[in-house]
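Participant: sequence? don't have it. structure:
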């Protein structure tokens with residue numbers, strides 16, 4: 001503390017692994033069943049409490065993603081969302 005002034009941190013850094021939500025079906029038709037999903041416009045972090053429910057933690061809002069139209073790849077790129085290192089199993 002300097003003459004009545006105090007310095008505090010205003011920035012918090014978090015690390016995590018990049019994660020890409022995938023479609024629930026093979027929308028592209030390539031046979032890999034790992035097609036990226038489409039974003040719906042809802043924030044992937046909206047309404048997520050990170051609380052443990054039935055032994056699992058919800059890190060993103062699944063309502064933020066939908067399957068791409070049949071015959072197309074989804075619009076999400078790799079690393080659009082990050083989840084903590086401990087969430088990868």
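Facilitator: Looks like it arrived, so ask away. Just so you know, these numbers come straight off a predicted model, no measurement behind them.

Participant: all strands for the chain, in order.
Facilitator: Secondary structure of the chain (DSSP state E): strands located at 17-19, 38-39, 52-53, 56-57, 65-66, 81-83.

Participant: out of those, nearest to residue 74?
Facilitator: Residue 74 lies closest to strand 38-39 among the strands of the chain, at 4.6 Å (Cβ to Cβ). In short, each C-beta sits where N, CA and C put it, glycine included.

Participant: Specify the beta-bridge partners of residue 53.
Facilitator: Per DSSP bridges, the residues bridged to residue 53 are residue 56.

Participant: could you list every residue that touches the residue nearest to the spatial centre of the chain?
Facilitator: Central residue of the chain (Cα atoms, centre = their mean): residue 81, 3.6 Å from the mean position. Counting by Cβ atoms under 8 Å, 6 or more residues apart in numbering, residue 81 makes contact with 18, 19, 20, 21, 44, 45, 59, 60.

Participant: mind running it again at 10 Å?
Facilitator: Residues in contact with residue 81, defined by Cβ atoms under 10 Å, 6 or more residues apart in numbering, are 16-21, 44-45, 59-61, 64-65.
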